[in-house]
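Undergrad: turn this into a model:
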Amino acid sequence: MKGNIFFITAVASLGGLLFGYDTAVISGAVSAMEDYFLFSLEGNATEAAVAVFQFKITLTVCVVFILLLFSSFLLKFFSRTKAYLLIASIVVIGGIIYYNQFLSLPNVLSENLRNSILGFMVSSALVGCIIGASLGDNIANSIGRRNGLLLSSLLFVISACGSAYPDGVSFLHLDTLTLFIIYRIIGGIGVGVASMLAPLYIAEMAPAKIRGKLVSCNQFAIVTGMLVVYFVNYFIVKGQPLEWINTYGWRYMFLSETIPAILFFLFLIFVPKTPRFQVMKGNENEAVKVLEDLNKSSEVPKILADIKASFKVKKAPWLSYGWAVVIIGILLSVFQQFVGINVVLYYAPEIFKGMGMETDASMLQTIIVGVINMLFTILAIFTVDNFGRKRLMLIGSIFMAISMIGLGSLLNAQQTGLSALICMLLYIAAFAMSWGPITWVLLAEIFPNKIKGVMAVAVAVQWLANLLVSWTFPMMNNNTRLNELFNHGFAYWVYGFMAVLSGYFIWKFVPETKGKTLEEMEGLWQPKLEVESQNQQS
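TA: Okay, the predicted model is just below:
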């Protein structure tokens, strides 16, 4: 084993670290953003009307893009006639609802609209994630895995600077609220690209014997990035008055991302392109050089032959194995988000403030959340092959349901002390040991090689579910009527109920993949054509 691979893995894993850093940096800035961008509009009806109007345009553009992306998926599942009918139905019905419930409303900053804008500001990066993930395959095959990561590092820098100072450079007469959302979407594109290309780069560079462990470093880097940014946010606000945090502190939080992003760019210059990409582009000699640097010389010819053979594998229609595997893959992604994990990761300081903690204390508690998340993710990596995927997922669902329903009940009873914190930490530990990393393991295992492209649908749905959950949390948590009835407990009961459903789903429908080869996994999903053939014979 040659040491270069560990340096290469560490560099690529910075993409995962920035993934975690960019998605979690927002957590420390939510209150300041609400004060700077939204509360400042309440005394100025003219500026508020302009901000609401531009928000409507921005959101509409995002909705149209997401609709186009999922329309492309429908065209791969159904015949053109059925797909176009479905798309037309969605556009007509959805368009009527969207216009009547949102676009036609007056440009007035009501409580519900303010909560909606805040939720979208926090979750807007996820729109970029959907874009980046959908473009990831094209980027990987056109400019390469390494160059794609270089591009993502530049997007991280642009997003960090722009999000910190959206009022610095104005263009197209856009207000600072709209510019902030645009810069966050740019960062999200970087996350989407890095989330796909970083593990792909490591997998294509790593020797087969340690590929699994090295690829898992990317997941470890993601939770490490979250923990790092929790520390950064804490030290930025520690001891500072609220006025300073709302004016300057939140800017420094976003700007801090430029440091790991620039380091990521510089280190990437010194790592090679992957052998698979080199062979794809006809640069076989360059591929051999990289393989010889990372493997024993005697193994290189076989590895090179395997790479060439992999390009000959024919893809099958996405429904070749029926709907079951597709629906299971999509629901795994949906439930991973609907149990509410990213609400905790994005809004943790606000949740702790809602429990009566001061700013410094809430940031410190968020660090504890990050530590628990990292430690139990590591534990999951080392236990998933011993305990099995299904058992860990089911146990995780049970404890997430208990902790979320318990937290909602405590908040409803206005008991926000140590018991509420324990529920929160139990939830994080349960997710980190189960639905966090193991969902990705199952998605990688359940789809047969001939229809691996369906995984793109599952990943896109996962980002969309993340967006919906993160966006709607402020609408539930800050709603005056719901708080009068349930005192901030309602949202957590919703996530607890979703955890119950996720457990039932795992128990009844998801197969155990522990110890099975990818070929054995294909046997679980009898090809649709074989079923049709048997029906015809009978």
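
Undergrad: stretch 303-316: end-to-end distance?
TA: Stretch 303-316 stretches 25 Å from its first residue to its last (CA to CA, to the nearest Å).

Undergrad: start at 195, not 1
TA: Shifting the count to begin at 195 puts that one at stretch 497-510.

Undergrad: I'd guessed Asn660 sits against Val533; true?
TA: No: contact criterion CB atoms under 8 Å: Asn660 and Val533 do not qualify, at 11.4 Å. Where C-beta positions appear, they are placed from N, C-alpha and C, glycine not excepted.

Undergrad: neighbour count winner among these two?
TA: Counted by other CB atoms under 10 Å, Asn660 and Val533 do not tie: Val533 has more neighbours, with 31 against 25.

Undergrad: just checking, the more buried one touches Trp629?
TA: Yes: assessed by CB under 8 Å, Val533 is found in contact with Trp629 at 6.5 Å.

Undergrad: what is in contact with the two at once?
TA: Ser591, Met594, Ser696 (CB atoms under 8 Å, 6 or more residues apart in numbering).

Undergrad: just the element for the first one, please.
TA: Put plainly, it is Ser591. Using DSSP states H and E, Ser591 maps to helix 583-606.

Undergrad: cool, the last one as well?
TA: For Ser696, the enclosing helix or strand under DSSP H and E is helix 684-703.

Undergrad: just the buried residues of that helix, please?
TA: 684-697, 699-700 (16 or more other CB atoms under 10 Å).

Undergrad: helices or strands up against it?
TA: helix 517-532, helix 583-606, helix 648-671 (3 or more CB pairs under 8 Å, 6 or more residues apart in numbering; DSSP states H and E).

Undergrad: looking at those helices, which is closest to Cys355?
TA: helix 648-671 (23.2 Å; CB to CB).

Undergrad: and that closest one, what does it pack against?
TA: Applying 3+ CB pairs under 8 Å, 6+ apart, one finds that helix 648-671 makes contact with helix 239-271, helix 305-317, helix 319-336, helix 517-532, helix 535-548, helix 629-640, helix 684-703.

Undergrad: Ile596: neighbour count?
TA: Using other CB under 10 Å, Ile596 has 17 neighbouring residues.

Undergrad: how near is it to Gly590?
TA: Per CB to CB, to the nearest Å, Ile596 is found 11 Å from Gly590.

Undergrad: equivalent analysis for Ile383, please.
TA: 31 Å.

Undergrad: one more: Leu604?
TA: 21 Å.

Undergrad: which one of these two has more residues nearby?
TA: Using other CB under 10 Å, the more surrounded residue of Leu604 and Gly590 is Gly590, with 28 against 22.

Undergrad: surely the more buried one and Phe625 touch.
TA: Yes: counting by CB under 8 Å, Phe625 is a contact partner of Gly590 at 6.3 Å.

Undergrad: before we move on, back to that, any idea which of the buried residues of helix 684-703 is closest to Gln472?
TA: Nearest member of the buried residues of helix 684-703 to Gln472, counting by CB to CB, is Ile700, at 40.8 Å.

Undergrad: quick one, what contacts Gln466?
TA: For the record, residue 466 is Pro, not Gln. Contacts of Pro466 (CB under 8 Å, 6+ apart): Ile202, Arg340, Lys483, Val484, Asp487.

Undergrad: ok, 6 Å please
TA: Counting by CB atoms under 6 Å, 6 or more residues apart in numbering, Pro466 touches Val484.

Undergrad: swap in Ile281?
TA: Ser265.

Undergrad: buried sites along the helix or strand where it lies?
TA: For Ile281, the host element (DSSP H and E) is helix 274-292. Applying a neighbour-count criterion of 16+ other CB under 10 Å, the buried positions in helix 274-292 are Ala277, Ile281.

Undergrad: now stretch 323-334
TA: Cys323, Ile324, Ile325, Gly326, Ala327, Ser328, Leu329, Gly330, Ile333, Ala334.

Undergrad: swap in stretch 403-417?
TA: Buried residues in stretch 403-417 (16+ other CB under 10 Å): Leu408, Val409, Ser410, Cys411, Asn412, Gln413, Phe414, Ala415, Ile416, Val417.

Undergrad: so the fourth one sits against Ala206, correct?
TA: No: Cys411 sits out of contact with Ala206 when judged by CB atoms under 6 Å, with a separation of 8.4 Å.

Undergrad: give me the residue at the spatial middle of this protein.
TA: Trp657 (5.3 Å; CA atoms, centre = their mean).

Undergrad: so who does it touch?
TA: Per CB under 6 Å, 6+ apart, neighbours of Trp657: Leu320, Cys323, Ile324.

Undergrad: export these to a markdown table and tack on distance to Leu573?
TA: Shown next, in a markdown table, are these (distance: CB to CB, whole Å):
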| residue | distance to Leu573 |
| --- | --- |
| Leu320 | 27 |
| Cys323 | 27 |
| Ile324 | 30 |
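
Undergrad: one step back: and the helix holding Ser591, what does it pack onto?
TA: helix 612-626, helix 629-640, helix 684-703 (3 or more CB pairs under 6 Å, 6 or more residues apart in numbering; DSSP states H and E).

Undergrad: in JSON lines, list the shared contacts of Val533 and Trp629 along with pLDDT and distance to Met670.
TA: Listed next are the shared contacts of Val533 and Trp629 as JSON lines, based on pLDDT from 0 to 100; distance: CB to CB, whole Å:
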{"residue": "Ser591", "pLDDT": "95", "distance to Met670": "21"}
{"residue": "Met594", "pLDDT": "95", "distance to Met670": "18"}
{"residue": "Ser696", "pLDDT": "95", "distance to Met670": "19"}
